[in-house]
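[1] Need the 3D shape of this:
(one chain, ligands or ions: 2)
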Amino acid sequence: MQPAQAKSVLPVVLLGCGGVGRHLLRHIVSCRPLHANQGVAIRVVGVADSSSLLVADDVRASGLDDAFLSDLCAAKSAGSPLSSLLARGHCQVFNKPEAMGKVIDAATMLGRTTGLVLVDCSATNDTVALLTDAVNHGCCVVLANKKPLTCAYEDYQKLTSNFRQIRFESTVGAGLPVIASVTRIIASGDPISRIVGSLSGTLGYVMSELEDGKRFSEVVKTAKSLGYTEPDPRDDLSGTDVARKALILARLLGQQISMEDINVESLYPSELGPEVMSTTEFLESGLPQLDERIEERVKAASLRGNVLRYVGVIGNTGCQVGLQEVPKDSALGRLRGSDNVVEIYSRCYESSPLVIQGAGAGNDTTAAGVLADIVDLQDLFQKRA
Ligand SMILES: NC(=O)C1=CN([C@@H]2O[C@H](COP(=O)(O)OP(=O)(O)OC[C@H]3O[C@@H](n4cnc5c(N)ncnc54)[C@H](OP(=O)(O)O)[C@@H]3O)[C@@H](O)[C@H]2O)C=CC1
Ligand SMILES: N[C@@H](CC=O)C(=O)O
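    Ligands and ions are numbered 1, 2, ... in the order given. Reported below is the predicted structural model:
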């Protein structure tokens, strides 16, 4: 008989079970045989949403089983609260504000013993203190949420001070290996001078669909239904989401800057902003008001043989994100759908940049990136027979 392979068991608490979080749970379940072959077992011990935290009865000994996780995804997809799963047994539910204290309790206990990966697939600013606390208790952190990395610089520094314990590949380019590539180039001592790219799956998709004559308002709604947009698509249309990605890259390059230091072009006026109308109102009545203006810009560019792309430039002297007219047959102009393209210029990649291209948004690819980050942490967890 073969001796049982030693496994790294990675307990996970997931914050956020929306589009990305649910895909992550499904990927964890479907990858069990693959991970077993790789000597890894991911044990989901807790899941939180905006109002509560559901945890396994004894987080040190066992997690939520796979049938439970499937039911949890189904319940959240149907709009039911996490507490609707209490009847299944072997779990407890804590409501806010108590819930976040319970996450810290789990992080304190597991950080000292088995270790814990706290995964942030929420879209809130509210998790940064919790994540920093978890890191300080020896836990690891994986982020799809960009906000904890784009907060005040001092908070960013605190969160990332133990760099080996934190992964955030999906925050830029979803599942594309952008952060890994930048990190490797930096580690090799090759100075990066510039990163240029189309960093928004939503805006890439919208711009390429407009070239086919579709209406802006309709295309934005389709991007939302495909899982490309942020929960409020104005985060994409304002350029804020791209600016967050630019900031994450700039900070990775060592720049001590903040969101206010980035020049951002918004595709909608402040009268249609979140302070004035809800997301639903924006989608129903605000968005159509933008159709004509954007479509005129697309047509004007087309008459010059160009297309519009929302481009981010991260340089040594500053960062800008905004619409640019680019030749139709350029690398940026040829982009279709939700694809991102990122060009990295450094001493080794000066005349011919390192180019990373592929799907840059979507729940599936984002969750896959998060899962790869979790598995990448396995060496920090003890192997057990
Ligand atoms: N979709 C994509 O292509 C990509 C997304 N991302 C990032 O992934 C994250 C998730 O996106 P997505 O799944 O589309 O968003 P959703 O809006 O679908 O889901 C967000 C989830 O977070 C939960 N939540 C809100 N506040 C808190 C909180 N304080 N604590 C715990 N959970 C909370 C929500 O709870 P409730 O269910 O109660 O509302 C919801 O379950 C975002 O930060 C996004 O920027 C990153 C790269 C690509
Ligand atoms: N809304 C974002 C999702 C990924 O970060 C995008 O469209 O790129």
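[2] okay, CA-based contacts and neighbour counts for the rest of this
    Fine.
[3] Report the buried residues of stretch 102-110.
    Buried residues in stretch 102-110, defined by neighbour count with 16 or more other Cα atoms under 10 Å: 102-104, 106-110.
[4] Pick out whichever of the residues you listed sits closest to ligand 2.
    Val103 (25.4 Å; Cα to the nearest ligand atom).
[5] you'd agree Val59 is up against Val45?
    Yes. Assessed by Cα atoms under 8 Å, Val59 is found in contact with Val45 at 5.6 Å.
[6] more neighbours, the two?
    Val45 (25 against 21; other Cα atoms under 10 Å).
[7] check contacts around Leu54.
    Applying Cα atoms under 8 Å, 6 or more residues apart in numbering, we find Leu54 in contact with 46-48, 82-83, 91-94.
[8] coming back round to it: which of the buried residues of stretch 102-110 are close to ligand 2?
    For ligand 2, no contacts are drawn from the buried residues of stretch 102-110 by Cα under 6 Å from any ligand atom.
[9] Now flag whichever of these is closest to ligand 1.
    Looking across those and measuring by Cα to the nearest ligand atom, the closest to ligand 1 is Val103, at 10.2 Å.
[10] residues near Gln255, how many?
    Gln255, neighbours per other Cα under 10 Å, totals 16.
[11] so who does Val298 touch?
    210-211, 307-308.
[12] Show me what from the protein comes close to ligand 2.
    Checking the chain against ligand 2 by Cα under 6 Å from any ligand atom, the hits are 171, 174, 200-202, 228-230, 236, 360-361.
[13] and Thr280, that one's in a helix?
    Yes. Counting by DSSP: H, G, I helix; E, B strand; the rest coil, Thr280 is located in a helix.
[14] what about it, neighbour count?
    10.
[15] Ramachandran coordinates for Ile356?
    Main-chain torsions, Ile356, degrees, to the nearest 10: phi -120, psi 130.
[16] ok, which stretches of the stretch 51-200 of the chain are strands?
    According to DSSP state E, counting those that start in this stretch, the stretch 51-200 of the chain carries its strands in the segments 52-56, 91-95, 117-120, 140-143, 166-167, 192-198.
[17] just the stretch 201-350 of the chain next, same as before
    262-264, 306-315, 318-327, 339-346.
[18] what's the most buried one of those?
    Among these, the stretch with the highest mean neighbour count (mean count of other Cα atoms under 10 Å) is strand 306-315, at a mean of 24.
[19] could you give the mean pLDDT of that one?
    For strand 306-315, the mean pLDDT works out to 98.
[20] Show me what it is in contact with.
    Here strand 306-315 has contacts from 193-200, 203-204, 207, 211, 242-243, 246, 249-250, 298, 301, 319-328, 332-333, using Cα under 8 Å, 6+ apart.
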